[in-house]
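Chemist: Okay, predicted coordinates and the sequence, questions at the end:
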Amino acid sequence: MSTGSPNPPATPHVKAMNCPGCGAALTLRSFTQAVTVVCESCHSILDAQDPQLKILQQFKKATDEDPPLIPLGTRGKIRGTPYEAVGFQRRTIHVDGIPYSWHEYVLFNPYKGFRYLTEYNGHWNDVSTLRALPTLNSFAGAVSVSYFGETYRHFQTAQASTTYVLGEFPWQVRVGETNDVTDYVSPPRVLSSEQSGKEVSWSMGEYVSCRDIWKTFALTGDPPVPIGVYENQPSPFSSDTKTIWTIFAAFAILVLMMIIGFASFARDEQIFHGDYVFDTNSRGEASFVTDPFELKGRTSTLELKTTTNLGNNWIYLNYALINQDTEKAYDFGREISYYYGYDSDGSWTEGSRNDSVAIPTVPPGTYYLRVEPESDFGHGMIHYEITAKRDVPQFGFFGIALLALVVPAALITWRSMNFEHLRWAESDHAPMATSDDGGDDD
Amino acid sequence: MRTFYLLYGVITLGILGMAEYRGWSLYSVNEVKNVPRSVRDNPGSYRSVYSVYHHYTGGK
Amino acid sequence: MTQPTANCPNCGAPIVFRWSSSVQTVCTYCKSILVRTDVDLKKVGQVADLPPNSSPIQIGTEGIYNHHPFVAVGRIIYEYDQGTWNEWHLVMNDGSAWLSDAQDNYVVTFAAPGRTLPPSTKVGQRYIWDNETYAVTTITNAHYRGVEGELPFQYWDKEDVVFVDLMSEQGKFATLDYSDETPALYLGESVEFDDLKLKNLRSFEGWQ
């Protein structure tokens, strides 16, 4: 500490002054760091570094034409440091003749300096100036920049003009001044470069939810609902999509292992076989019963295969698989038909000579089959064989399971792609092939 | 989202395993009860609906 | 370290040098600019009223840069079209450095002599010093506005000077100072306020 210093630097006070344009009271919240300050009453833009507050520009707007959502003077803690909103501006770009405007808030802390918040259609970003330069990459027409290992894709280049100002700014502002602004995105971050004449300045923004803004500044009411997808808005899907497909791959391998497992461990044993002839010319009782056979092991399927020698004919077999001991039966019918012939396109066939059906969950026990064949009268003899096999794996279920697993993964991927489509629809690189392209400045 | 999918997949595979082990099939059959033993001697007497009675009670 | 003491030739007030290699200082009582010769102190000029300053750093602020403790012993104030900024002279155990403080953006640089420097340049131009590529980001026309405390060289009443700021992709910073006929280069980097661990700062009305 210097000895005997007679005039230690005075503690800076928030300055209160009078606007030279209209006499209204002005406060300079950023002490002497402001370069321009705007009078709230008469909208004169004043030189804050000039003790006389020289008038630099006057713009005609109603005082409450565009009220800041965070009132100037409000304080909030960002990353543990308190900041005060000291300035506000609206900037506008034109895309295909349509104006799009966003708002910027200047935040101040006397030790840490300035920070910014941007707001567009309810989407907020926490912005600060970069301390290092990003590397520009251009390859195969796609422009991007890299910054500390992360790649940011070009989103938009536009000319932004200042259309409304309020409060204090650490640089010269004028209503109507324009800068070339380029945004590069890597959600949730965005890198913006701003060029004006001799100066290029880079800043990085990080997407912040409107609820966090309202909480940080203890604002009343509800934040405006965000509209659409913003350039660096983080996707609620993207990281999930990759993981879900990885999980699906793991499940698919499991299903494959289950197929192999069940195929090898299933008994698949032939329990019964019989050859029969159905005389369609006979009018007697066609039904018959087979000898009993034993079904062993756990409850599982019984596959009934019927092979015939049908030729341009059909047969309907009423089947009943009857449990001798429990007096329960499985009752069903199978229609088998087979036709063939020649026509102008060549030979054709319809139907099949053979049929196979799996009776589900048949408990072990002693069973016999009761068969009653039917067909058109007088069409000769139909020879058929019946084979019963125990515990045959049902491969259809594996297909259904895989489908059930693919569908949600595909749905989430579709939703993610849709989200990204909405994001890029606002950019200079809109994915649609229609005539309205976002920008001409690629 | 990922945990939901994981759980959903585990349940799906669980059902798949159950289906294969218990012998489910995509085909559905009618289950008939109380089939009398006399069907073995007279297959023509089988009727696909049997309820309370152990013997044939009426009709042709 | 011994602190050489002397008396101000103008008003007789005691002058204390915190740094043995200081060449110039300003008398805190009468604001005379004093230059140290082999034998005594000589008055060379007068500092006009300093502009109001809201830097949180003041003479006597201490901090740490890259494990080296420092004390801010002096500053040069520059003025340009956007306002003023300070170049604080930092004294460390083994030398001195500069802390540039513009709207609370902090940059620490060290004098880097002995390089071939361009007589003029433009925004976007690239240079390589010490295996690092720098690109010009800003060219500022400034003029000297005042001095305070101890400086390692004589500096006062300079005419308009041109400062060129350069940044690299690794966060390194460089300044080309065209105050004299031969340009001077300073190399360093941007620093965060928290990383400097500053003590003995100014306090601000309404904050903390």
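Modeler: Good, I have the coordinates.
Chemist: Please count neighbours and contacts with C-alpha atoms only from this point.
Modeler: Noted.
Chemist: Quote the end-to-end distance of stretch A:41-54.
Modeler: Using C-alpha to C-alpha, to the nearest Å, the end-to-end distance of stretch A:41-54 comes to 16 Å.
Chemist: what about it, near chain C?
Modeler: Yes. Stretch A:41-54 reaches chain C (C-alpha under 8 Å from any C-alpha of the partner chain) through residue A:49.
Chemist: which other residues reach that stretch?
Modeler: With C-alpha atoms under 8 Å, 6 or more residues apart in numbering or on different chains as the test, stretch A:41-54 has contacts from A:19-22, A:24, A:32, A:34-39, A:55-61, A:63, A:166, A:173-174, C:82-83.
Chemist: Now restrict these to buried residues only.
Modeler: A:19-21, A:32, A:34-39, A:55, A:58-59, A:166, A:173-174, C:82-83 (16 or more other C-alpha atoms under 10 Å in any protein chain shown).
Chemist: ok, and which of the residues you listed reach chain B?
Modeler: Of the buried ones among the contacts of stretch A:41-54, not one also sits near chain B (C-alpha under 8 Å from any C-alpha).
Chemist: Out of those residues, which sit inside strands?
Modeler: A:36, A:37, A:38, A:55, A:58, A:166, C:83 (DSSP state E).
Chemist: tell me the pLDDT at whichever residue of chain B sits closest to chain A?
Modeler: Going by C-alpha to the nearest C-alpha, chain A is nearest to residue B:23 of chain B, at 3.7 Å. Residue B:23 is assigned 87 on the pLDDT scale.
Chemist: which residues touch it?
Modeler: Counted by C-alpha under 8 Å, 6+ apart, residue B:23 has contacts A:299, A:300, A:301, A:360, A:361, A:362, A:391, A:392, A:393, A:394.
Chemist: Which residue, other than its chain neighbours, is closest to it?
Modeler: Leaving aside its sequence neighbours, residue B:23 sits nearest to residue A:300 (C-alpha to C-alpha, 6 or more residues apart in numbering or on different chains; 3.7 Å).
Chemist: Could you pull up the contacting residues of that neighbour?
Modeler: Residue A:300 neighbours (C-alpha under 8 Å, 6+ apart): A:360, A:361, A:362, A:363, A:390, A:391, A:392, B:21, B:22, B:23, B:24.
Chemist: Swap in 6 Å and give it another go.
Modeler: A:361, A:362, A:391, B:22, B:23 (C-alpha atoms under 6 Å, 6 or more residues apart in numbering or on different chains).
Chemist: Make CSV out of these and add secondary structure.
Modeler: As requested, the contacts of residue A:300 are exported to CSV (DSSP: H, G, I helix; E, B strand; the rest coil):
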residue, secondary structure
A:361, strand
A:362, strand
A:391, coil
B:22, helix
B:23, coil
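Chemist: Looking at those, which one is closest to chain C?
Modeler: Taking the contacts of residue A:300 together and measuring to chain C by C-alpha to the nearest C-alpha, the closest member is residue B:22, at 64.8 Å.
Chemist: What distance do you get for the closest residue to the closest one other than its chain neighbours to residue A:388?
Modeler: Nearest residue to residue B:22, sequence neighbours excluded (C-alpha to C-alpha, 6+ apart): residue A:300, at 5.2 Å. With distances taken as C-alpha to C-alpha, residue A:300 is found 13 Å from residue A:388.
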